[in-house]
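[1] how does the following fold in three dimensions:
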Amino acid sequence: MIMKYCAEMLSINKIRPVVLSVFVLFAASCAVDQMQTRQEESRMPVVSLDVDSDTEDDFNRAVSYLKDKEYDKAIPLLESIIKTEKRFAAPYVNLGMAYIHTGNNELAEKNLRSALDIDLGHAVANNELGQLYRKAGRFDDAKKAYENALVVHEAYLPARKNLGILCELYMRDFSCALEHFELYQKYAPDDKTINIWVADLKRRLGQ
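    All right, here's what the predicted structure looks like:
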């Protein structure tokens, strides 16, 4: 059967895996992270592909396992899906996230990079890869990953926030941090934490 799918742009701060969502014929946009704007949603691609119903069922089960933090069940299921279905980034992203939570950063990076081979601008994959690189002290690589996440999905706020934090706390580039926190404010003007950070950075920069 022909289904319409897209990868949701979700942060995994609370174990929210990327999912393949079924769409009706005239769906105009994908469901995205609550912090993204409708303008950003309208630019999300929807791809029409034939997907085996068993693969779809397995993927949905894997998503359920991830939400329940049952990584030992999710990982082999996702690995099985990837052996037969290599056209979507989402299974690789979810497998990468599962490996992050089991502490296997090598396999996490491998699968996130595989997702980027399919979709270089995938916001979630780039954001999670950026987090891995930051924790490993690879700050330049982390910055590049966050920037890649924002090339197409400029309103993907988890990556925007993480890039600002990287610039401020790890690279000591206060101008860079201020730039990205101010861009963050455009989409979330009522975020009190970001507003405090912006005010503090302006004070330190003498603005």
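
[2] any idea how far the helix or strand in which residue 158 is found is from the chain center?
    Taking DSSP states H and E as the criterion, the element that holds residue 158 is helix 157-165. Between the centre of helix 157-165 and the centre of its chain there are 11 Å (Cα atoms, centre = their mean, to the nearest Å).

[3] and if you look at stretch 59-66?
    That offset, for stretch 59-66, works out to 17 Å (Cα atoms, centre = their mean).

[4] now the residue nearest the centre of the chain: which helix or strand?
    In the chain, the centroid-proximal residue (Cα atoms, centre = their mean) is residue 124; its distance is 1.1 Å. Using DSSP H and E, residue 124 falls within helix 123-135.

[5] if you count neighbours, what's buried in the next helix or strand after that helix?
    Once the chain leaves helix 123-135, the next helix or strand it forms, by DSSP H and E, is helix 139-152. Within helix 139-152, the residues that count as buried by 16 or more other Cβ atoms under 10 Å are 139, 142, 143, 145, 146, 148, 149, 150, 152. In this view, the C-beta of every residue, glycine as well, is placed from N, C-alpha and C.

[6] with stretch 111-126 instead?
    Buried residues in stretch 111-126, counted by 16+ other Cβ under 10 Å: 111, 112, 114, 115, 116, 118, 119, 122, 123, 124, 125, 126.

[7] pLDDT added to those, as JSON lines?
    Formatted as JSON lines, these follow (pLDDT from 0 to 100):
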{"residue": "111", "pLDDT": "96"}
{"residue": "112", "pLDDT": "96"}
{"residue": "114", "pLDDT": "96"}
{"residue": "115", "pLDDT": "93"}
{"residue": "116", "pLDDT": "96"}
{"residue": "118", "pLDDT": "91"}
{"residue": "119", "pLDDT": "91"}
{"residue": "122", "pLDDT": "92"}
{"residue": "123", "pLDDT": "93"}
{"residue": "124", "pLDDT": "92"}
{"residue": "125", "pLDDT": "94"}
{"residue": "126", "pLDDT": "95"}
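
[8] which one of those is nearest residue 199?
    Taking Cβ to Cβ as the measure, residue 199 sits nearest to residue 123 out of the buried residues of stretch 111-126, at 27.6 Å.
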